[in-house]
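Novice: Can you look at this prediction? I've put the sequence above it.
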Amino acid sequence: MSESRFEVEVKIPIEEAEQLRVNLLEIGARKLNTETQIDAYYDHPCRSFPDTDEAIRIRTRQHHPDHHQVIMDDRPLNELTYKGPKVDPLSKTRIELSVGLDDSREAGIILTQLGFKAIAEVTKIRSFYVIRDITVSIDDVIDVGLFLELERVVDGENQIIPAREDIFEVVRELGLNPEESIRDSYLEMYLGKNPL
């Protein structure tokens, strides 16, 4: 059986971002870019993704203009992503698969033609940092709140716990408590405040 790629993710609600930005630089994080992400989520025509703990989304990125920023990577501006059920009780770790898209609008039409139902659009302004191959973002999620998110992508289940512990160590270095992490997705929190 081939190994799967997992996104090991820890998310912590925060009250304010400015001191956290200073703390990130003090522990050696490198500031990258800031972007707005618009995530359109869909539900499956034959099963309920909220019940199966899965998600499918189309993401559109808009980079904020800043001549001094470093773009995080060469990810496409539009992408289709599948997220599998969470597999770790202490983090939001799950299989994540993504493909780039030329046209997010056309992709949405394809999904709805196949019977998928558009359920929500979640928008966030995300400032990226990187430290010890952990991607860190400060996320201002519209109609949801402010969060610190840390993640590392690993190739196989045997790497999940070491990656999670590395992330928890960065959380502690920032003066935060790993036990305050939450496993709800932004979609779940958005729908909790904005029911269908």
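Specialist: Alright, I've got the coordinates. Numbers count the residues shown, from 1 in each chain.
Novice: And the average pLDDT for stretch 181-189 is what?
Specialist: Stretch 181-189 carries an average pLDDT of 95.
Novice: Stretch 10-30 now?
Specialist: Stretch 10-30 carries an average pLDDT of 96.
Novice: Report the contact partners of T60.
Specialist: T60 sits next to 37-38, 40, 77-78, 104 when contact means C-beta atoms under 8 Å, 6 or more residues apart in numbering. Every C-beta, even on glycine, is put in place using the N, C-alpha and C of the backbone.
Novice: change it to 7 Å
Specialist: Residues in contact with T60, defined by C-beta atoms under 7 Å, 6 or more residues apart in numbering, are 38, 77-78, 104.
Novice: Write a PyMOL command that selects only the buried members of these.
Specialist: To isolate the buried members of these in PyMOL, using 16 or more other C-beta atoms under 10 Å:
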select buried, resi 38+78+104
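Novice: Pick the one among the contacts of T60 closest to E149.
Specialist: Ranked by distance to E149 (C-beta to C-beta), the contacts of T60 are led by I38 at 16.8 Å.
Novice: Isn't the closest one up against K124?
Specialist: No: the criterion here is C-beta atoms under 7 Å, and I38 misses it with K124 at 8.5 Å.
Novice: anything in contact with each of those two?
Specialist: Joint contacts of I38 and K124 (C-beta under 7 Å, 6+ apart) do not exist.
Novice: what residue ranges in this protein score low on pLDDT?
Specialist: 1-3, 66-74 (pLDDT under 70).
Novice: longest single helix anywhere in it?
Specialist: In the chain, with assignment by DSSP state H, the single longest helix is helix 160-173.
Novice: can you list contacts of that helix?
Specialist: 6, 8, 10, 12, 27, 88, 90-91, 93, 131-132, 134, 150, 152, 154, 178.
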